[in-house]
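Peer 1: one predicted model, sequence on top.
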Amino acid sequence: MRRLAVPALLLLAACDPHAEARDDLRDAVERWNDAGVDDYAFTFHYSCYCDRYGDFQIVVEDDTVASAERIIEDGEEVDPWQQIPAMTIDEMFDRIDDALDQDPEDADVRLDDDLGYPIRVRFDFEENIADEEWGFGVRSFSDNGFQPHD
């Protein structure tokens, strides 16, 4: 029986090229839930071929986005109507899970070892198309006093 179990496991892993990312995500969600963090702040980086790219300061209170602001560098011009991709950590987990369900061509999911929040996430859905990939990540995080730190 053991001889059949190993090939069967290998076959299942071959069927889902993102099985490791799914396992890592499940473990990260568990770490996050176990920590019980409902009030926190972080610097969020979003990248895409869209009008929502850049760095944002997000504050979450009672597991709901309380404020979100674009971080503007000196001399940088920003469209005042730019949408801010404000998400809680739980919403980021959902976004990652949804993207994995779409079977991307390439997925890079890096999660914090302690709390599990997404450090860097990048998805490329079509190998030969240059404007459909997107990514995000938490560049700094604080659950103490709402002041993010690097």
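Peer 2: Perfect, I can see it now. Numbering: from 1, shown residues only.
Peer 1: show me where this protein has its helices.
Peer 2: For the chain, helices defined by DSSP state H occupy the ranges 2-15, 19-35, 89-101.
Peer 1: do you know which of those lies nearest Gln57?
Peer 2: Within those, the stretch nearest Gln57 is helix 89-101; the backing value is 14.9 Å (Cβ to Cβ). (Each C-beta comes from the backbone N, C-alpha and C, glycine too.)
Peer 1: quick one: list the elements packing against that closest one.
Peer 2: Applying 3 or more Cβ pairs under 8 Å, 6 or more residues apart in numbering; DSSP states H and E, we find helix 89-101 packed against helix 19-35, strand 106-111, strand 118-124, strand 134-142.
Peer 1: of all the ones you listed, which one comes closest to Ile58?
Peer 2: Between Ile58 and the helices and strands packed on helix 89-101, the shortest gap by Cβ to Cβ is with strand 134-142, which sits at 8.8 Å.
Peer 1: tell me what angle that closest one forms with strand 118-124.
Peer 2: Strand 134-142 and strand 118-124 meet at an angle of 180 degrees, taking axes from the mean of the first three to the mean of the last three Cα atoms, to 10 degrees as the criterion.
Peer 1: hey, which of the helices of the chain is tucked in deepest?
Peer 2: Highest mean neighbour count among the helices of the chain (mean count of other Cβ atoms under 10 Å): helix 89-101, with a mean of 17.
Peer 1: roughly how far out does it sit from the chain middle?
Peer 2: Centroid separation between helix 89-101 and its chain, computed with Cα atoms, centre = their mean, to the nearest Å, is 7 Å.
Peer 1: contacts for that helix?
Peer 2: Helix 89-101 is touched from outside by 18, 21-22, 25, 28-29, 32, 37, 40, 60, 63, 87, 107, 109, 117-118, 121, 123, 136, 138, with contacts defined as Cβ atoms under 8 Å, 6 or more residues apart in numbering.
Peer 1: where in this protein is pLDDT low?
Peer 2: 1-14, 48-53, 73-84, 128-133, 145-150 (pLDDT under 70).
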